[in-house]
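[1] I need the structure of the sequence given here:
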Amino acid sequence: MKLWPFSRKEPETKSLAEPSPELHALFGALQTAAGMTVTPARAMQVPAVTACVRAISEATGTLPVKVFRRLEGGGKEAAPDHPAYKLVHDSANPWTGAGKLREQLTQDALLYGHGVAWVNRVNGEVRELIRIDPQSVRVELNDRTSEPEFHVSDATAKRIYSWRDIVYIPAPALDGVHGQAPITTGREAIALALALQDTAARFFKNGAQPSGVVTVPEQLSPEAQKRLAQAWREAHGGENSRGTAVLEGGATWAPVTMTNVDSQFEQQRAAQNIEICRIFRVPPTFAQDYGRATWANSYSANLQFLQHCLMPWLRAWEDAFKRVLIPDDERDEYLVEFVTDALLKVDPTAKFEAYSKAIAARIFNPNEVRALENMPPYEGGDAFENPNTSSAPAAAPQT
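    Just a heads-up that it's a prediction; the model follows:
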């Protein structure tokens, strides 16, 4: 039996030309069946993705947020004297507005799976909320307490933060902790949209018309065929498409007609736009697709957007603010809420006419209506009275 020389396995050369799926994931790139690599930057090149990300993040950033004080007997009023009020309503830090921070962190969650901000405290009082690059954050559960810890790595150091020191906005999470970005769960649909988009770009680059056939009376050598094809592309491709073709030597041109698949190409792209809207739960009209709009007015459209898309993000923000900005002993008195009135604006005349009818029918009392408008109650406003009659009202119905 031959023992020497031992056979030695050839060294395996690693290359970035065809990286493994694990290497793709390390850099935030996701491989897909369509052959396209989906990264946050690449995904944002799809107009439907950009529209959905902006619709959610910009709405989150532009809706006002206030700290409210609960009042005895019901209702609430704004509490601008609370230390957290300026952080959520005015400025998160000296160089970032409160709304801009919410917009950026929501965008981070949509693209990277979570938005993260550090809570800077001085003598126990929160002074600043500062964004952290989401790619530098790893969330782990403490082995002893099962509480989440935030491991942050940057160019200078590695730090571990408690959940008390972090504003954490996760995307929907399968395990309740690690958010999964919509571009991750919907990467196949986004990759197909990218493939269709790239195909359309190449289509127009090559003359915006399917290829045709140039027929010559004599057989051409391979070199002559290449020269003819190159000359045709230079003369009639790209910016020179639709120009007049001059053929010599008895050559003739026969265009290839568009197939049914080609004619349905735009329909395929439109279908992918709807698929992407489904991934983000954004009504297509908010991605500028009005082909299926069925609402009679903007109020109905905005209400659907608020209830079925935006509300989970607003609740995530309210919960995050409550965790780090409202001490435990103050939570019975103070709360943080978005003011969604700006999104649900209706005709003021119609709104107050509806309020008047509700008060007259004793469905609401004046203070309940004021609570709907985020206004404090007034003395005597709890009575169920019909202001249009002078007779003493009957007792309010029990519900």
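
[2] Phi and psi next, for residue 93.
    Comment: the main-chain dihedrals of residue 93 come out as phi -160, psi 170, following degrees, to the nearest 10.

[3] That one is in contact with residue 128, isn't it?
    Yes - using Cβ atoms under 8 Å, residue 93 makes contact with residue 128 at a distance of 4.0 Å. Bear in mind the C-beta positions are built from the backbone N, C-alpha and C, glycine included.

[4] Overlap in contacts, these two.
    Overlap of the contact sets of residue 93 and residue 128 (by Cβ atoms under 8 Å, 6 or more residues apart in numbering) consists of residue 120.

[5] Residue nearest the middle of this protein, spatially speaking?
    Among the residues of the chain, residue 53 comes closest to the average C-alpha position under Cα atoms, centre = their mean, at 3.0 Å.

[6] Leaving out chain neighbours, which residue sits closest to it?
    For residue 53, ignoring the flanking residues on the chain, the nearest one in space by Cβ to Cβ, 6 or more residues apart in numbering is residue 110 at 5.0 Å.

[7] got the buried residues for the host helix or strand of that neighbour?
    Under the criterion DSSP states H and E, the helix or strand holding residue 110 is helix 98-112. Applying a neighbour-count criterion of 16 or more other Cβ atoms under 10 Å, one finds 98-99, 101-112 buried in helix 98-112.

[8] same check, this time on stretch 337-356
    337, 338, 340, 343, 355.

[9] Of those residues, which pair is most distant in space?
    338 and 355 (21.7 Å; Cβ to Cβ).

[10] remind me which residues of the stretch 101-250 of the chain are low pLDDT?
    Low-confidence regions of the stretch 101-250 of the chain, defined here as pLDDT under 70, cover residues 203-214, 232, 234-250.

[11] can you pull out the strands in it?
    For the stretch 101-250 of the chain, strands defined by DSSP state E, counting those that start in this stretch occupy the ranges 114-122, 125-132, 137-141, 148-153, 158-162, 166-170, 212-215.

[12] Just name the most buried of those.
    Most buried of these by mean neighbour count (mean count of other Cβ atoms under 10 Å) is strand 166-170; its value is a mean of 23.

[13] contact partners of it?
    105-106, 108-109, 113-119, 129, 139, 148, 150, 177-179, 313, 316-317, 320-321, 324.

[14] can you give me the angle it makes with strand 137-141?
    Taking axes from the mean of the first three to the mean of the last three Cα atoms, to 10 degrees, strand 166-170 and strand 137-141 form an angle of 90 degrees between their directions.

[15] and strand 166-170 with strand 158-162, angle?
    Here strand 166-170 runs at 90 degrees with respect to strand 158-162, directions being taken by the same axes, to 10 degrees.

[16] Neighbouring strands of strand 166-170 in the sheet, and parallel or not?
    The strands that strand 166-170 pairs with in its sheet are strand 114-122 (antiparallel) (by DSSP bridges).

[17] picking that back up, what distance do you get for the residue nearest to residue 53 to residue 308?
    As defined by Cβ to Cβ, to the nearest Å, residue 110 lies at a distance of 16 Å from residue 308.

[18] Repeat that for residue 283.
    Taking Cβ to Cβ as the measure, residue 283 and residue 308 are separated by 8 Å.

[19] Likewise for residue 167?
    Note on residue 167: its distance to residue 308, by Cβ to Cβ, is 25 Å.

[20] Could you do residue 117 as well?
    Here the distance between residue 117 and residue 308 works out to 26 Å (Cβ to Cβ).

[21] Show me which residues of the longest helix that the chain contains are buried.
    Identified as the longest helix of the chain according to DSSP state H is helix 187-205. For helix 187-205, burial by neighbour count (16+ other Cβ under 10 Å) applies to 187, 188, 189, 190, 191, 192, 193, 194, 196, 197.

[22] could those residues go into TSV alongside distance to residue 154?
    Listed next are those as TSV, based on distance: Cβ to Cβ, whole Å:
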residue	distance to residue 154
187	27
188	33
189	33
190	29
191	31
192	36
193	34
194	31
196	38
197	35
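
[23] ok, back up a step: could you dump the buried residues of helix 98-112 to a markdown table with distance to residue 377?
    Converted to a markdown table, the buried residues of helix 98-112 look like this (distance: Cβ to Cβ, whole Å):
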| residue | distance to residue 377 |
| --- | --- |
| 98 | 28 |
| 99 | 29 |
| 101 | 33 |
| 102 | 30 |
| 103 | 34 |
| 104 | 37 |
| 105 | 35 |
| 106 | 34 |
| 107 | 39 |
| 108 | 40 |
| 109 | 37 |
| 110 | 39 |
| 111 | 43 |
| 112 | 44 |
